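Trainee: A predicted structure for the sequence below; I have some questions about it.
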Amino acid sequence: MVGREKFDAELRKVQDLLLELSNTAIDTLDKSMDYLLGNDIEGALTVINNDIHINHMEEEINDRVILLIAKQQPVATDLRRLMVLVKIASDMERIGDYAVNIAKETIRIGKDEHIEPIHLLDEMRVKTISMLKQILDAFIHENMEDAKKIAKQDDEVDELYGHAIRTLLNVGVKKPEQLSQVTQLSFVCRYLERSADHATNLAERLLYLLKGKHYELNN
Amino acid sequence: MVQSLENGSNTLNGASNIVYNTKQLNLWYGNHHALKDINLQIKENEVTAIIGPSGCGKSTYIKTLNCMVELVPTVKTSGQILYRERNIFDNDYGVEELRTKVGMVFQKPNPFPKSIYDNIAYGPRIHGIKNKKILDQIVEKSLRGAAIWDEVKDRLQTNAYSLSGGQQQRICIARCLAIEPDVILMDEPTSALDPISTLKVEELIQELKADYSIIIVTHNMQQAARISDKTAFFLNGEVVEFDNTDVIFSTPEDKRTEDYISGRFG
């Protein structure tokens, strides 16, 4: 048995980088919600300023994968694995962008007291972060069954999203002076809901990696 | 639409366009069991690549298709190879007759030490064509078919040895086309060529499949992926997997195939 030591070693480096990027992106999203709930403008600014590191990590992953393809000409599972790493890096970079968007809303809201249903947004955050962490773990262990189950939790996030938006609209109707915060929190809801969709993407990418077929899990 | 393959049998649905049908082929060199229960169906107007590590039996197999191995005294065979539904192992099947239908191109370009013209006209002359005008036509058509006419048309009387390796290999392909074969067997035809010549021969193979059926043994897996429609993976004298090339190089069924194409053994 001959191995492809150089390929495997470089692949491990890319996987480690992706893990670092994923943990950073998920952690940043989580923190951006802490800062929102705590009206913490300084904290929100750190999220915005640190986004460049997330972007650089994604670029480094892309560059390394392109070099690996050019120099090692992988096929079958090896090639799919590289493509999947690039796509997940893109998912994670996007989650970093949502964290930045939430931070910007935090700055817009400033020190204003939050309107209800702010607790629903916190529930959405808890669910979304938990989904992302679980799916990342399933991906690391290449556990297809876990990934499928976790992807189903997206429905719960969608339900919370619908509930939160309806509640915010009611507030807007009843208290037009709060329309500005209603809009800002609606956007935050949207960013959280999209982040959970990216968790589903991760599950689909794992299935593609292992089976070589495309799956739609959030229909 | 790609042709579907029946599970496990290495055979294609529908027999009408089958050039070679290999059934339970076994081959021994003395005590060495070189080919084991080979069942393969080769379709016409397709490029079929045979891949596998050294000593896996791929060259033996392709040579067997042209009766180049089983005539060796120590070689013993069982099973059948049907070429256009006739068993080439039958006693009344003449080797010469088969070889007018099945041309072969080897690893190292092997033109005759003759002029370019005579290299191409050699086969047709042996088959009794003496008319200069007809020979001229065959030479031009064959050289054009091998994508080398423009490079040599003004020096047809030059010795073929004076050409580059890549040109010599295309002369050998042209020599093969001159007898208007049905099938072209290629045994690592680009392994001695530089990348540009390799590319030219690969493009040529793509063009030739419109008129010929091509079976190519190659050590270069990217080449098999680039140019073939079907790929057979040989290992230790057996066919581990035979499928559409797209499947072999993306989602092979057998782990041994995946390990080999991924460069993890061999």
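Mentor: Yes, it's here. Keep in mind that this is a model prediction, so the values were computed, not measured.

Trainee: output the below-cut-off pLDDT ranges for the chain.
Mentor: Assuming you mean chain A. A:1-3, A:218-219 (pLDDT under 70).

Trainee: actually chain B
Mentor: In chain B, residues with pLDDT under 70: B:1-16, B:266.

Trainee: just to be sure, B:P252 is in a helix?
Mentor: No. Counting by DSSP: H, G, I helix; E, B strand; the rest coil, B:P252 is not part of a helix but coil.

Trainee: burial of the nearest residue to it once chain neighbours are set aside, as a residue count?
Mentor: Spatial nearest neighbour of B:P252, excluding adjacent residues (Cβ to Cβ, 6 or more residues apart in numbering or on different chains): B:E258 at 4.9 Å. (C-beta placed from N, C-alpha, C; glycine too.) Per other Cβ atoms under 10 Å in any protein chain shown, the neighbour tally for B:E258 reads 20.

Trainee: up against chain A, what does chain B have?
Mentor: Contact residues (Cβ under 8 Å from any Cβ of the partner chain) of chain B with chain A: B:221-222, B:225, B:249-252, B:258-259, B:261-266.

Trainee: quick one: buried ones out of these?
Mentor: B:221, B:225, B:249-250, B:252, B:258-259, B:261-264, B:266 (16 or more other Cβ atoms under 10 Å in any protein chain shown).

Trainee: what about those residues, which are in helices?
Mentor: Residues of these located in helices (DSSP state H): B:221, B:225, B:258-259, B:261.

Trainee: look up phi and psi at whichever residue of chain A sits closest to chain B.
Mentor: The nearest approach of chain A to chain B comes at A:G212, 3.6 Å away (Cβ to the nearest Cβ). Main-chain torsions, A:G212, degrees, to the nearest 10: phi 70, psi 20.

Trainee: you'd agree it is up against B:F249?
Mentor: No. The pair A:G212 and B:F249 fails to qualify as a contact (Cβ atoms under 8 Å) at a distance of 10.9 Å.

Trainee: any common contacting residues for those two?
Mentor: Common neighbours of A:G212 and B:F249 (criterion: Cβ atoms under 8 Å, 6 or more residues apart in numbering or on different chains): A:A76.

Trainee: and A:P74, that one's in a helix?
Mentor: No. Secondary structure of A:P74 (three-state DSSP): coil, not part of a helix.

Trainee: tell me how many other residues surround it.
Mentor: Neighbours of A:P74 using other Cβ under 10 Å come to 21.

Trainee: repeat that for A:G212.
Mentor: If we define neighbours as other Cβ under 10 Å, then A:G212 has 14 of them.

Trainee: skipping its backbone neighbours, what lies nearest it in space?
Mentor: B:T251 (3.6 Å).

Trainee: my guess is that neighbour meets A:V75, correct?
Mentor: No. In this structure B:T251 lies outside contact range of A:V75 using Cβ under 8 Å: 10.4 Å.

Trainee: chain B contacts on chain A?
Mentor: A:1-4, A:7, A:73-80, A:211-213.

Trainee: farthest pair in the residues you listed?
Mentor: Spatially, the most separated pair among the residues of chain A next to chain B is A:V2 and A:K213, at 29.0 Å (Cβ to Cβ).

Trainee: please enumerate the helices of chain A.
Mentor: Using DSSP H, helices in chain A cover A:5-37, A:41-72, A:76-109, A:118-140, A:144-152, A:154-174, A:179-211.

Trainee: quick one: the fifth one to helix A:118-140, angle?
Mentor: Spelled out, that is helix A:144-152. On the basis of axes from the mean of the first three to the mean of the last three Cα atoms, to 10 degrees, helix A:144-152 is oriented at 160 degrees to helix A:118-140.

Trainee: next one: the longest one
Mentor: Helix A:76-109 runs at 160 degrees relative to helix A:118-140, counting by the same axes, to 10 degrees.

Trainee: chain center to helix A:76-109, what's the gap?
Mentor: 6 Å (Cα atoms, centre = their mean, to the nearest Å).

Trainee: other SSEs contacting that helix?
Mentor: helix A:5-37, helix A:41-72, helix A:179-211, helix B:255-261 (3 or more Cβ pairs under 8 Å, 6 or more residues apart in numbering or on different chains; DSSP states H and E).

Trainee: residue closest to the middle of chain A?
Mentor: With distances taken as Cα atoms, centre = their mean, chain A has A:I95 as the residue nearest its mean C-alpha position (3.7 Å).

Trainee: for stretch A:148-159, which residues meet the burial criterion?
Mentor: Quick answer for stretch A:148-159 (16+ other Cβ under 10 Å): A:148, A:150-151, A:153-154, A:157.
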